[in-house]
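S.K.: Pasted the sequence and its predicted model underneath.
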Amino acid sequence: MASLPNKLITQVAFKAGGDKFHDIFANRPQDLAEATPIAIQGCKLHQGNFGTNGCVIQWNYSVDGKPQTAKQVLQDIDLEKKQIAYKMLEGDLCELYKNMIITFHVETKNGIDFITWTIDYELITPDNPHPLSLLNFFIQFTKELESHYG
């Protein structure tokens with residue numbers, strides 16, 4: 001039986017400024033390890049240029065205290081919408097999920113910037129857990145980044 005697509009979404013207020021959040025991911029993701037060392041331990045460019053569609057990035061990060069790796073291709077950067085999407089190529093998450101795409105976008109409501117994280121994925125086997133730990137990681141990471149730049 002084919003697996004069904006799944007989606008998890010969270011939205012977090014970001015007082016340090018949505019433009020700053022998007023700029024860091026679009027142009028300086030390597031700075032995230034310094035800004036959020038508990039969450040991100042490294043960011044290495046494998047192909048292309050940061051902030052351009054098709055660039056491939058290797059991340060070292062920790063979820064629930066466990067070191068993880070991910071290799072992703074930036075497949076959709078939209079400066080006007082302040083949106084970036086990454087498609088998973090390799091890493092720990094690929095052992096449990098397929099067709100995983102992680103997207104964030106910035107939107108402003110009543111003068112407050114919000115970061116919306118969306119995880120689209122399919123379970124490789126029906127017994128695999130949904131990536132709620134990853135969703136919580138994005139919430140904590142966003143708050144940690146806000147504290148650093150706020």
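M.R.: Good, I have the coordinates. Residues are numbered from 1 along each chain as shown.

S.K.: in this protein, which spans are strands?
M.R.: For the chain, the strands defined by DSSP state E occupy 6-13, 40-47, 56-63, 66-78, 83-91, 97-109, 112-123.

S.K.: Make CSV out of those strands and add distance to F25, mean pLDDT and mean neighbour count.
M.R.: (C-beta placed from N, C-alpha, C; glycine too.) Converted to CSV, the strands of the chain look like this (distance: least, CB to CB, whole Å; pLDDT from 0 to 100; neighbours: other CB atoms under 10 Å):
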stretch, distance to F25, mean pLDDT, mean neighbour count
strand 6-13, 14, 98, 14
strand 40-47, 10, 96, 14
strand 56-63, 10, 97, 18
strand 66-78, 9, 96, 16
strand 83-91, 5, 97, 18
strand 97-109, 7, 97, 17
strand 112-123, 10, 98, 18
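
S.K.: nearest to F137, of those strands?
M.R.: strand 56-63 (4.8 Å; CB to CB).

S.K.: Provide the strand pairings for that closest one, with the direction of each partner.
M.R.: Take DSSP bridges as the rule and strand 56-63 pairs in its sheet with strand 40-47 (antiparallel), strand 66-78 (antiparallel).

S.K.: angle of the longest one against strand 83-91?
M.R.: Direction vectors for strand 66-78 and strand 83-91, defined by axes from the mean of the first three to the mean of the last three CA atoms, to 10 degrees, enclose an angle of 140 degrees.

S.K.: Centre of the chain to strand 66-78, how far?
M.R.: 7 Å (CA atoms, centre = their mean, to the nearest Å).

S.K.: Contacts made by it with the rest, please.
M.R.: Contacts made with strand 66-78 from outside it, assessed by CB atoms under 8 Å, 6 or more residues apart in numbering, are listed as 26, 41, 46, 48, 51-62, 83-93, 101-103, 105.

S.K.: Specify the stretch among the strands of the chain that is closest to T142.
M.R.: Of all the strands of the chain, it is strand 6-13 that lies closest to T142, at 4.4 Å by CB to CB.

S.K.: That's all I had, so thanks and see you.
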